[in-house]
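>>> Provided below for reference: sequence and predicted model.
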Amino acid sequence: MDDFYEYSTPELVRLLGVRFKEYRMSCNLTQKEVAERSGIGLTTIHKFENGTAGNLSLATFILLLKVVGQVNALDDVLPELPESPYLVRKQEKKAQRIRHPKK
């Protein structure tokens, strides 16, 4: 397993593009088919897979995950946390934000 902290953000985007291409190909889809199904431009998909996309929005990435059937993998990225007793305030009301006391 890689230590992703050692990668720069552009390197991580490149890695995701390469992995996406593998998933796309395993689904037997062309870049054109992905573009048609997602509504994302063919050029954007090509640049993402080849590591030349400078930046890809999170919304675009989610659309691409849906096309290759991997949107549920987002739960692995940020799984739902069990409720923390530290965030439950009086009257069983869950805290909406964290404030540190002023010094």
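Cool, the structure landed.
>>> what comes up buried for stretch 34-41?
Of the residues in stretch 34-41, 34, 35, 38, 40 count as buried by neighbour count, 16 or more other Cβ atoms under 10 Å. C-betas here are computed from N, CA, C, even on glycine.
>>> OK, contacts around the spatially closest residue to the second one that is not a sequence neighbour?
In this case it means residue 35. Spatial nearest neighbour of residue 35, excluding adjacent residues (Cβ to Cβ, 6 or more residues apart in numbering): residue 42 at 4.4 Å. In this structure, residue 42 makes contact with 31, 32, 35, judged by Cβ atoms under 8 Å, 6 or more residues apart in numbering.
>>> 10 Å - rerun?
With contact taken as Cβ atoms under 10 Å, 6 or more residues apart in numbering, residue 42 is in contact with 30, 31, 32, 34, 35, 36.
>>> Kindly list the main-chain dihedrals of it?
As for residue 42, its main-chain torsions (degrees, to the nearest 10) stand at phi -60, psi -40.
>>> ranges for the helices of this protein?
Applying DSSP state H to the chain gives helices spanning 9-26, 31-38, 42-50, 58-67, 74-77.
>>> picking that back up, of all the buried residues of stretch 34-41, which comes closest to residue 75?
Top of the list for closeness to residue 75, among the buried residues of stretch 34-41 and by Cβ to Cβ, is residue 38 at 20.4 Å.
>>> Was I right to think that closest one contacts residue 32?
No - contact criterion Cβ atoms under 10 Å: residue 38 and residue 32 do not qualify, at 11.0 Å.
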